[in-house]
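In: Here's a sequence, model it:
(one chain, ligands or ions: 1)
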Amino acid sequence: MTQRKKPRGGGPRRSGARAGAGQQPEKLWSGRFRERTDRLVETFTASLGFDRRLYPYDIQGSIAHCKTLERAGVLSRREVVSMIRGLEEVKRELETGRFPFDPSDEDIHMAIERRLTELIGPVGGKLHTGRSRNDQVSLDLRLFLKEALGSLLEGVRRLQQAFVKQARAHLDVVMPGYTHLQRAQPVLLAHHLLAYVEMLERDRGRMQDARGRLDVLPLGAGALAGTNYPVDRVYTAKLLGFSAVTENSLDAVSDRDFAIEVLSALSILMMHLSRLSEELVLWSSQEFQFIELPDSFCTGSSMMPQKKNPDVPELVRGKTGRVYGHLLALLTTLKGLPLSYNRDLQEDKEAVFDALDTASACVEISAELVNGLTVHRAAMARAANSGYLLATELADYLVTKGMPFRKAHETAGRVVRACLDEGRELRDLTLTDLRAFSDRFEKDALDAVTVEGALERKSQIGGTARKRVEARIRALERALG
Ligand code: ARG
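Out: From the prediction side, this is the model:
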């Protein structure tokens, strides 16, 4: 068999050697190739531009892998000491921006291994024993997500605290509750604010669930079939803080459910932030005038001097689409993939990174917005007191006097119709006016049909009665710290 030389700088592999000027360095996998990788392909396939942020996890994983190989009798103590020292030096270089990136490093995994070998010599070439970038990249992404989800969970908790604080500070503020964006029944502003705390509580639950399910060590799956070396995967899992190890190597290298779950949880979180943003935009409009956003969180118009625009909530609302897009993109990337690893999977990282960065920024700025809200309680109270929000109370009053609800609803409807015709509010009516519609109306009717009474009576679990809302605030303050 003749050995053909590679056109440029080929020949016997110089493990770890770097190329001179104008020469591309050897790839770590160049053994079976006769030709160099085309520059275009190098650029097209590279992930280094975005996966470099995985470096702390890559190094953490490599150190654990070294220790596991030592325990398995594959590496000597001396080799492991030198490798760990080298990896720590690589990490320092990356942290301080001194790391010599090379355009021909495909990804962060290869860049780190290449540099390690430059620093400690050929023994660096032993690091990848029993490992593949396929199990390695899944490991890195899981480690990254565990940490990133931890700080996002903390951010969401701070946002919840902001809502609870505002709810406590505005316990006596009444506003119209809406359905179909039509005034419906009076509610406490605090009750409305706490609705978001419940949504965010479910968001945190979803993120915790996702984190629990991705807390599984894939290392040891090798490229797809497992590894020949007698590695103790449970030991590696312990070193890296994983609760379990994957049970199927093919699944381990091809599964990205965990990333999809995170993107899905983030999409739902963003949907909630977007709904909040929409309300902030509406409520701060001239039409509502329920709230004022802090000047420092609004922007002006380059043309209209009077404008104070709610750009921040608008952008949170706008960025929601971007996070949904990442979820859809990854679902689509995965839908046609045969087992096991396929390079398509490299597309997961930009989606995950951008979704997390976006959601984290939106959570943080939303907390600032909520903290900085000024509430126009008089405008809210005015709105709660007009528009027949007590019509249901009127019907319920008639029910207490023995009228079937359907009939009571019809009667109250006729009262509202008459008021509309005469341009009057319910509170303008006298007992005589009411008795024209039904003789079940008695003296106590006028006292029963008030905003305060309406609120007070919603005293079941989950209702807007002040006592209930206060109790929920107390429970949340205890739970959220
Ligand atoms: N950069 C790759 C990724 O993000 C790492 C795994 C590459 N594996 C391979 N067989 N080419 O998925």
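
In: Give me the next element, helix or strand, following the strand or helix carrying Asp354.
Out: Counting by DSSP states H and E, the element that carries Asp354 is helix 348-371. On the C-terminal side of helix 348-371, the closest following helix or strand by DSSP H and E is strand 374-375.

In: what's that next one packed up against?
Out: strand 291-292 (3 or more Cβ pairs under 8 Å, 6 or more residues apart in numbering; DSSP states H and E). (Each C-beta comes from the backbone N, C-alpha and C, glycine too.)

In: Name the residues that touch the strand it packs on?
Out: Contact partners of strand 291-292, identified using Cβ atoms under 8 Å, 6 or more residues apart in numbering, comprise 280, 283-284, 373-376.

In: now do stretch 352-369
Out: 50, 53, 141, 144-145, 148, 151-152, 155-156, 158-159, 161-162, 259, 262-263, 266-267, 269-270, 273, 276-277, 280, 293-294, 297, 312-313, 316, 319, 322-323, 326-327, 330.

In: any idea how far it is from the chain center?
Out: Averaging C-alpha positions (Cα atoms, centre = their mean, to the nearest Å) puts stretch 352-369 7 Å from its chain's average.

In: Check stretch 248-260 too.
Out: Worked out by Cα atoms, centre = their mean, stretch 248-260 lies 21 Å from the chain centre.

In: Where does the prediction get shaky in this protein?
Out: Residue ranges of the chain with pLDDT under 70: 1-25.

In: Quick check: residues of it near the ligand?
Out: 47, 51, 107, 133-134, 137, 341, 343, 345-346 (Cβ under 6 Å from any ligand atom).

In: Most neighbours of all the residues you listed, which one?
Out: Val137 (25 neighbours; other Cβ atoms under 10 Å).

In: pretty sure that residue contacts His109?
Out: Yes. The criterion here is Cβ atoms under 8 Å, and Val137 meets it with His109 at 6.7 Å.

In: Now do the shared contacts for these two.
Out: Common contacts of Val137 and His109, defined by Cβ under 8 Å, 6+ apart, comprise Asp51.

In: what's the spacing between the residue nearest to His170 when sequence neighbours are not counted and the ligand?
Out: In space, not counting the residues next to it along the chain, His170 is nearest to Leu189; the distance is 5.1 Å by Cβ to Cβ, 6 or more residues apart in numbering. Distance of Leu189 to the ligand, computed by Cβ to the nearest ligand atom, to the nearest Å: 48 Å.

In: Next: Gln185.
Out: In this view, Gln185 and the ligand are 53 Å apart by Cβ to the nearest ligand atom.

In: cool, Leu330 as well?
Out: 13 Å.

In: Specify the angle between the strand or helix carrying that residue and helix 348-371 in degrees.
Out: Using DSSP H and E, the element containing Leu330 is helix 311-335. Helix 311-335 runs at 150 degrees relative to helix 348-371, counting by axes from the mean of the first three to the mean of the last three Cα atoms, to 10 degrees.

In: Tell me which residues touch the closest residue to Cys362 other than its chain neighbours, please.
Out: Among residues not flanking Cys362 along the chain, Val316 sits closest, at 4.7 Å (Cβ to Cβ, 6+ apart). Remark: with contacts taken as Cβ under 8 Å, 6+ apart, Val316 is in contact with 270, 273-274, 276-277, 362, 365-366.

In: At which residues are the strands of the stretch 201-350 of the chain located?
Out: For the stretch 201-350 of the chain, applying DSSP state E, counting those that start in this stretch gives strands covering 216-217, 244-245, 291-292.

In: Could you look over these and pick the most buried one?
Out: Most buried of the strands of the stretch 201-350 of the chain by mean neighbour count (mean count of other Cβ atoms under 10 Å) is strand 216-217; its value is a mean of 22.

In: Just name whatever secondary elements that strand is in contact with.
Out: Strand 216-217 sits against helix 133-169, helix 233-240, strand 244-245, with contacts defined as 3+ Cβ pairs under 8 Å, 6+ apart.

In: which residues sit against that strand?
Out: With Cβ under 8 Å, 6+ apart as the test, strand 216-217 has contacts from 139, 142, 233, 236-237, 240, 242-246.

In: hang on, Arg406 in a helix?
Out: Yes. Counting by DSSP: H, G, I helix; E, B strand; the rest coil, Arg406 falls inside a helix.
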